[in-house]
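Asker: generate a structure from the sequence data that follows.
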Amino acid sequence: MNSMRKTLVIVGVMMLVATACTTGSTSDETTPSTVATTTEPSGSVTTPDSTAPSAAGTTPAPDFPDGLDWLNVEQSLDLEMLRGKVVLLDFWTYGCINCIHIIPDLKRLEAEFPDDLIVIGVHSAKFANEGETDNIREIIQRYDLRHPVVNDVNFDVWDSWGARAWPTVALIDPMGNAVGMHSGEGVYEVVQPVIANLVAEFGSTGDLDPTPLPIRLEQDQSPNTVLSYPGKIHADPSSDRIFISDTGHHQIIAATDDGTVTAVFGSGIEGFDDGTGTASSFSSPQGLVVDGDTLYVADTNNHAIRQIDLATGSVTTLAGTGAKGWPPIGGGLDDVDLNSPWALEISGDLLYVANAGTHQIWTIDLISDTAAPSVGSGAEGTSNGPLLEAALAQPSGLTLDPDGILYFADSESSSIRSAEIAAPDGVTGLVAGGVKNLFEFGDQDGAGSEARFQHPLGIDWHDGRLLVADTYNSKIKSVDLSTRSAVSLFGSEQGWRDGTDPLFYEPGGISVDGDILWVADTNNHAIRRVDLRTGVTSTVVPSGLDAFTTVPGDKDFRGMVVTLATVSAGTGAADLVLDVELPDGYKVNDEASSSILLSDDGGVASFPGGNRIDLTGATFPVVIPFDLHEGLGTVTADLALVWCRKDAEGLCLLEQTRFEIPLDVSESGPSASIRLSLQLETP
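Answerer: Okay, here's the model as predicted:
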């Protein structure tokens, strides 16, 4: 794929010179005939100042067509409803790494202009799977998007604006006129001055309307889950443990192969902190690999590689500063900048990194403490050749065979490719899937270039073949390396079902341990176990996670908080009555542990039965005796309840609720029986 320099002259005051990569044409009539995915922008923008002409547009912006599906909002929107707001349209498709990269810019702009700016995501899908509204709903929750999103499934909005690249943003002034467009990353620096001028200009004339839109967040309509969009999994045969990237919770979970949780790394709050266990933090971690007592983590949104000492639980940063690196330049591990690392593999002292954001595979030398590109020129494409001249397309899964050949799931080209990483004159090659352009995707068994995948993210070598998480097809496939023949093994339409005819929902990671295939079933928020001998799939629910989710006095508790009115009570014996009403057909899971954790601030209560009460498989109400002592204080009861459908125990939900109970205890006070009530709704 050849890069081209494109000059976009924008309406009004926005101008940009950007570098874009054409991705070729497509025969799909619902997609544009010329589409580009943009790399990092290089160029300049003219910024308005106090002496500049009006920032307002002069041409009415095209309105939204009727009949489109809208998300994160109570009703369909039109330009008349948006009058009085600065509107930023974000043209995106959810598998595009460049689109993911501008999300922090959008959130920053929303925080800076909370009353005057409305961001609207215009989702114009590249892949067929991405065009489904339910799948867009999942990705909105995965990336915590809190602005309206419209499913532009037939590219109607895209065409009306003349968009040609993912991502592209467009601005509309408060009178409904088009201001300009920008393609590529670096959105904040380009559009912030224009938005600021629009807000100042229209604010001075009284034409801004601070009235909030009728937002209805998708995430508020969905229950909490035990895991949240787990992206990758790694099985370690030497310790009989599995390691899970609980991506949506920004944590790494270690468990035995029966699902018993032995350690959790990361606080559950997004961040970039070293520390021990849950005193550390991550940001949307993905790839994992174990070497001895060290677990390496691709900390994707921190653009870093973290390492965990499994003996001590200490989390440190191996490489990456937290900055998104562009252009891709190697260097020492203390100051090198990575770009959305997504997958890891290791061989001796060399750690391979799928640096998805630069469309490359990097190598970290653990002896010299350096990192540098080793496969891929940095251009996005499908061309093969010498390692550093090849064009890759968002590599997102890595595996090595016994001969030292590195195989990678090249997600945006929907192909499985190889790199002779150990050879001095090594080259890349196609194993199976598309090779002509980035639009050769589908769901077709076959050999070599006849096979079709749809945005595969996971890959692992097993006994002369590659097992592939064909993510957007919700399938597990196998590629015979001797014939390059790809066949579907497990899965069909997206969904959830165990047994010999299982269903998956956008699985993102896989790992083989002997005859067991472990699957991070991302959109099902589940870990699946596939017996490759029998073909039977089961769902493994992490058990014991509640011991790591709440800590007495933890101010970062991420569940719902219920504060009761002050209770006047007498000293001596008392009861807490926990009454949880579950929907019909649901129960507390019998195997995954649930509990309530009790703590006291003020010395007014003690718990002779211990402060952690086991609720695994409980039926309600549950009576918890405790003792009261004279004084003023607060009892906190942190509930962590794993509940599931009776006919689908593998798909579990997590309820986390904190009850805060202020107490006024005296010798003359009445005996106390304090009821804690909670009603759970059908998901």
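Asker: can you classify the nearest residue to residue 559 once chain neighbours are set aside by secondary structure?
Answerer: Counting by Cβ to Cβ, 6 or more residues apart in numbering, residue 559 lies nearest to residue 656, which is 2.8 Å off, once chain neighbours are set aside. For glycine as for every other residue, the C-beta is placed from the backbone atoms N, C-alpha and C. Following DSSP: H, G, I helix; E, B strand; the rest coil, we place residue 656 in the strand state.
Asker: any idea how far residue 460 is from residue 656?
Answerer: Counting by Cβ to Cβ, to the nearest Å, the gap from residue 656 to residue 460 is 33 Å.
Asker: on that earlier part again, so what's the residue nearest to residue 559 up against?
Answerer: The contact partners of residue 656, by Cβ atoms under 8 Å, 6 or more residues apart in numbering, come to 224, 549, 550, 557, 558, 559, 560, 638, 639, 640, 641.
Asker: of the residues you listed, which is the nearest to residue 485?
Answerer: Taking Cβ to Cβ as the measure, residue 485 lies nearest residue 224 of these, at 42.1 Å.
Asker: the closest one is in contact with residue 655, isn't it?
Answerer: Yes. Assessed by Cβ atoms under 8 Å, residue 224 is found in contact with residue 655 at 6.5 Å.
Asker: common neighbours of the two, please.
Answerer: Common neighbours of residue 224 and residue 655 (Cβ under 8 Å, 6+ apart) are residue 559.
Asker: that older thread, and the residue nearest to residue 559, what pLDDT?
Answerer: Residue 656 carries a pLDDT score of 91 in this model.
Asker: what does the one 5 residues further on give?
Answerer: Looking at residue 661, its pLDDT is 96.
Asker: element containing it?
Answerer: strand 648-666 (DSSP states H and E).
Asker: now that strand: buried residues?
Answerer: Residues of strand 648-666 classed as buried by neighbour count (16 or more other Cβ atoms under 10 Å): 649-659, 661-663, 665.
Asker: ok so, going back, which of the contacts of residue 656 count as buried?
Answerer: Among these, those buried by neighbour count (16+ other Cβ under 10 Å) are 224, 549, 550, 557, 559, 638, 639, 640, 641.
Asker: go through the residues you listed and flag which are in strands.
Answerer: Among those, the ones falling in strands (DSSP state E) are 638, 639, 640, 641.
Asker: and these, which is closest to residue 305?
Answerer: Distance ranking of those against residue 305, using Cβ to Cβ, places residue 640 first at 31.0 Å.
Asker: can you list the buried ones among the contacts of residue 656 in TSV and add pLDDT?
Answerer: Formatted as TSV, those follow (pLDDT from 0 to 100):
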residue	pLDDT
224	89
549	70
550	56
557	75
559	81
638	93
639	94
640	92
641	93
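Asker: let me know the closest of these to residue 616.
Answerer: Once Cβ to Cβ is applied, the member of the buried ones among the contacts of residue 656 that ends up nearest residue 616 is residue 641, at 9.7 Å.
Asker: can you give me the strands for the stretch 51-200 of the chain?
Answerer: Secondary structure of the stretch 51-200 of the chain by DSSP state E, counting those that start in this stretch: the strands cover 59-60, 69-71, 86-92, 117-123, 149-151, 165-166, 168-172, 177-183.
Asker: which of the ones you listed sits closest to residue 596?
Answerer: strand 69-71 (35.0 Å).
Asker: just checking, what packs against that closest one?
Answerer: Contacts defined by 3 or more Cβ pairs under 8 Å, 6 or more residues apart in numbering; DSSP states H and E place strand 69-71 against helix 133-142, strand 149-151.
Asker: show me the one of these that comes nearest residue 368.
Answerer: Closest approach to residue 368 among these (Cβ to Cβ): helix 133-142, 36.6 Å.
Asker: buried sites along the closest one?
Answerer: 135, 136, 137, 138, 139, 140, 141, 142.
Asker: would you list the residues you listed in JSON lines and tack on pLDDT and distance to residue 176?
Answerer: Formatted as JSON lines, these follow (pLDDT from 0 to 100; distance: Cβ to Cβ, whole Å):
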{"residue": "135", "pLDDT": "97", "distance to residue 176": "31"}
{"residue": "136", "pLDDT": "98", "distance to residue 176": "26"}
{"residue": "137", "pLDDT": "97", "distance to residue 176": "28"}
{"residue": "138", "pLDDT": "97", "distance to residue 176": "32"}
{"residue": "139", "pLDDT": "97", "distance to residue 176": "29"}
{"residue": "140", "pLDDT": "97", "distance to residue 176": "26"}
{"residue": "141", "pLDDT": "96", "distance to residue 176": "30"}
{"residue": "142", "pLDDT": "96", "distance to residue 176": "32"}
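Asker: residues in contact with stretch 131-139?
Answerer: By Cβ under 8 Å, 6+ apart, stretch 131-139 touches 30, 69, 71, 94, 123, 125, 129-130, 145, 149, 151, 153, 218, 229, 494, 506, 523.
Asker: sorry, back to before: ok, the buried residues of strand 648-666 vs residue 407, which is closest?
Answerer: Checking those against residue 407 with Cβ to Cβ, the nearest one is residue 650 at 30.1 Å.
Asker: can you show me the helices along the protein?
Answerer: 97-101, 103-112, 133-142, 156-161, 187-204, 546-549 (DSSP state H).
Asker: in the stretch 301-450 of the chain, mark out all the strands, start to finish.
Answerer: Assigned by DSSP E, counting those that start in this stretch, the stretch 301-450 of the chain shows strands spanning 304-309, 314-319, 331-332, 341-347, 350-355, 360-365, 370-375, 395-400, 406-410, 415-419, 428-433, 446-447.
Asker: before we move on, the earlier item: reformat the helices and strands packed on strand 69-71 as a markdown table; add distance to residue 617.
Answerer: Shown next, in a markdown table, are these (distance: least, Cβ to Cβ, whole Å):
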| stretch | distance to residue 617 |
| --- | --- |
| helix 133-142 | 29 |
| strand 149-151 | 39 |
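Asker: averaged over its residues, which helix or strand of the chain has the lowest pLDDT?
Answerer: For the chain, using mean pLDDT, DSSP states H and E, the weakest element among its helices and strands is strand 3-9, scoring a mean of 27.
Asker: hmm, residue 82 is touching residue 176, no?
Answerer: Yes. Taking Cβ under 8 Å as the definition, residue 82 is a contact partner of residue 176 at 7.3 Å.
Asker: these two: which has the busier surroundings?
Answerer: residue 82 (21 against 18; other Cβ atoms under 10 Å).
Asker: excluding chain neighbours, what is closest to the more buried one?
Answerer: Nearest residue to residue 82 in three dimensions, chain neighbours excluded: residue 118, at 6.2 Å (Cβ to Cβ, 6+ apart).
Asker: likewise residue 659?
Answerer: residue 637 (4.3 Å).
Asker: mind listing what the one you found touches?
Answerer: Contacts for residue 637 (Cβ under 8 Å, 6+ apart) come out as 576, 578, 596, 597, 598, 658, 659, 661, 676.
Asker: in this protein, which residue is closest to the centre?
Answerer: Nearest to the geometric centre of the chain sits residue 142, at 4.7 Å (Cα atoms, centre = their mean).
Asker: that one and residue 603, how far apart?
Answerer: Noted for residue 142: a distance of 44 Å to residue 603, by Cβ to Cβ.
Asker: which one of the helices and strands packed on strand 69-71 lies closest to residue 511?
Answerer: The closest of the helices and strands packed on strand 69-71 to residue 511 is helix 133-142. By Cβ to Cβ, the value is 21.0 Å.
Asker: where does the chain have low pLDDT?
Answerer: Applying pLDDT under 70 to the chain flags residues 1-53, 550-556.
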